[in-house]
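A.B. asks: Build me a structure from this.
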Amino acid sequence: MSPVGARNLQGLFPSAGFARPESWFTAVAAPVGLVYPRRLAGGCAGLLVKAAAGAGSGGSVGVEKVNGRKINGINGWVEETSRDVPSHATLRMGRFVEERFVYRQTFVIRSYEIGPDKTATMETLMNLLQETALNHVMTSGLAGDGFGATREMSLRKLIWVVTRIRIQVDKYSRWGDVVEIDTWVDAAGKNGMRRDWMIRDYATGEIIARATSTWVIMNRETRRLSKIPEPVREEVMPFYLGRTIIHDCSGPDAARIHKLDDETAQSIKSGLAPRWSDMDANQHVNNVKYISWILESVPVEVLEEYSLASMTLEYRRECRQSQLLESLTSLGTQLAAGDDGGGGGADLGSVHLLRLEEDKAEIVRARAEWRKKT
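C.D. replies: As a prediction, the model looks like this:
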């Protein structure tokens, strides 16, 4: 029988003395879940309260009072149901592989994570990469009280900030597909860290995307960059894995993204305003949000006819909620050469710039390669 609400039960059993629906069965030790009316032998009505118990084999517990008052002529009881409470690590569904150097997690592509063509968007993939990275830190036991910061970083009021990220996509998953993401870290110079990801189709094992990024440390109060303190280095070094998923993406050998301006941009979109929901726990616009702003200045016909094969973003400065942005884009087949080690088979290239509307200060430079949709 379907559960019924408080008002319905008051109508069915007016003499039961329900003082306040929100405080039903306060005398019962077990947490109360669903309340069912039940017909007993002889035609008498009763109440069955489904209660989830933390442990035990289940059973029934007699109930004589509701809200401290006797149930007049109504038989009532609580039925306990056994349920194992999973740990946080189990709920995250991630695990370590390769002698704990690699963290692996699976995700189902949800309906709200797809675009008009029913495949995952670039923003979806970037969000999954971020989620995997944060869960890697949490599960490793290093997490402090910051957004992905270690304990030693939290003590020093330090946070990680991304300076560059590149993602290459061979195939976009569809709604309902399951993807498996591996992530690991390594040193990037003296005062940086590199994080790489590999995305597989869970059903086939096929590698469908890969990404790499470089990170530096910033003081969350002064917003100034910092060297990696030795205690922080000692925390993260045991997790370093000397493996690179995309070569020549970061460091001095990486191809620079040239800066767009009013003369070289083919399209400009102004008045882009960060919302409160765009801010993350580090009190600045989340790095994934910039992708949607970049695409605001891409012509609709390009979005309809092409899919992103790769994207490289260089983060120049933070963006706060009160600042208005402009998005600049330039497109051309000559930009599809993949001059920083990827984008093979691209049909179209583009260069982008996000800047502050007021003083034209750079926020993000980006380059993308596009494939014709089939």
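A.B. asks: C-alpha from now on. contacts and neighbour counts both.
C.D. replies: Noted.
A.B. asks: Would you mind pulling the contact partners of the helix or strand harbouring residue 352?
C.D. replies: Using DSSP states H and E, residue 352 maps to strand 348-356. Outside strand 348-356, the residues within contact range by C-alpha atoms under 8 Å, 6 or more residues apart in numbering are 257-260, 290, 293-294, 323-337, 361-371.
A.B. asks: Need the three-state assignment for residue 292.
C.D. replies: Secondary structure assignment for residue 292 (DSSP: H, G, I helix; E, B strand; the rest coil): helix.
A.B. asks: what stretches of the protein score poorly on pLDDT?
C.D. replies: 1-92, 146, 248-254, 335-344 (pLDDT under 70).
A.B. asks: Could you spell out which stretches of it belong to which domain?
C.D. replies: For the chain, automatic domain parsing gives the domain ranges 6-82, 88-251, 255-374.
A.B. asks: And the helices in the stretch 101-250 of the chain, which stretches?
C.D. replies: Taking DSSP state H, counting those that start in this stretch as the criterion, the stretch 101-250 of the chain carries its helices at 122-140, 151-155, 230-236.
A.B. asks: what's the burial count for residue 247?
C.D. replies: 13 (other C-alpha atoms under 10 Å).
A.B. asks: and it, how far is that from residue 166?
C.D. replies: 11 Å (C-alpha to C-alpha, to the nearest Å).
A.B. asks: what element comes up after the helix or strand containing residue 312 heading to the C-terminus?
C.D. replies: Residue 312 is part of strand 306-315 when elements are defined by DSSP H and E. Sequence order places strand 325-332 as the next helix or strand after strand 306-315, per DSSP H and E.
A.B. asks: That following strand packs against which elements?
C.D. replies: Helices and strands touching strand 325-332, by 3 or more C-alpha pairs under 8 Å, 6 or more residues apart in numbering; DSSP states H and E, are strand 267-272, helix 289-295, strand 348-356.
A.B. asks: quick one: the strand holding residue 312 to helix 122-140, angle?
C.D. replies: Computed by axes from the mean of the first three to the mean of the last three C-alpha atoms, to 10 degrees, the angle separating strand 306-315 from helix 122-140 equals 50 degrees.
A.B. asks: What pairs with strand 306-315, parallel or antiparallel?
C.D. replies: strand 158-169 (antiparallel), strand 362-372 (antiparallel) (DSSP bridges).
A.B. asks: May I see the ones you listed organised as TSV, with mean neighbour count and distance to residue 309 added?
C.D. replies: Shown next, in TSV, are the strands paired with strand 306-315 (neighbours: other C-alpha atoms under 10 Å; distance: least, C-alpha to C-alpha, whole Å):
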stretch	mean neighbour count	distance to residue 309
strand 158-169	22	5
strand 362-372	23	5
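A.B. asks: between these, which gets nearest to residue 282?
C.D. replies: Closest to residue 282 of the strands paired with strand 306-315 is strand 158-169 (C-alpha to C-alpha; 7.6 Å).
A.B. asks: got the contact list for the nearest residue to residue 240 once chain neighbours are set aside?
C.D. replies: Sequence neighbours aside, residue 186 is the residue nearest to residue 240 in space, at 4.3 Å (criterion: C-alpha to C-alpha, 6 or more residues apart in numbering). Residue 186 makes contacts with 193, 194, 195, 237, 239, 240, 241, 242, 243, as judged by C-alpha under 8 Å, 6+ apart.
A.B. asks: so which of those residues comes closest to residue 304?
C.D. replies: For the contacts of residue 186, the residue nearest residue 304 by C-alpha to C-alpha is residue 195; the value is 31.6 Å.
A.B. asks: what is the closest one paired to in the beta sheet?
C.D. replies: Bridge pairing for residue 195 - DSSP bridges - gives residue 185, residue 213.
A.B. asks: Now for it: which residues touch it?
C.D. replies: By C-alpha under 8 Å, 6+ apart, the contact set of residue 195 is 183, 184, 185, 186, 212, 213, 214, 215.
A.B. asks: got the contact list for stretch 107-127?
C.D. replies: Defining contact as C-alpha under 8 Å, 6+ apart, one finds that stretch 107-127 is touched by 128, 172-180, 288-289, 291-292, 308.
A.B. asks: ranking those by neighbours, who comes first?
C.D. replies: Counting by other C-alpha under 10 Å, top hit in those: residue 308 with 25 neighbours.
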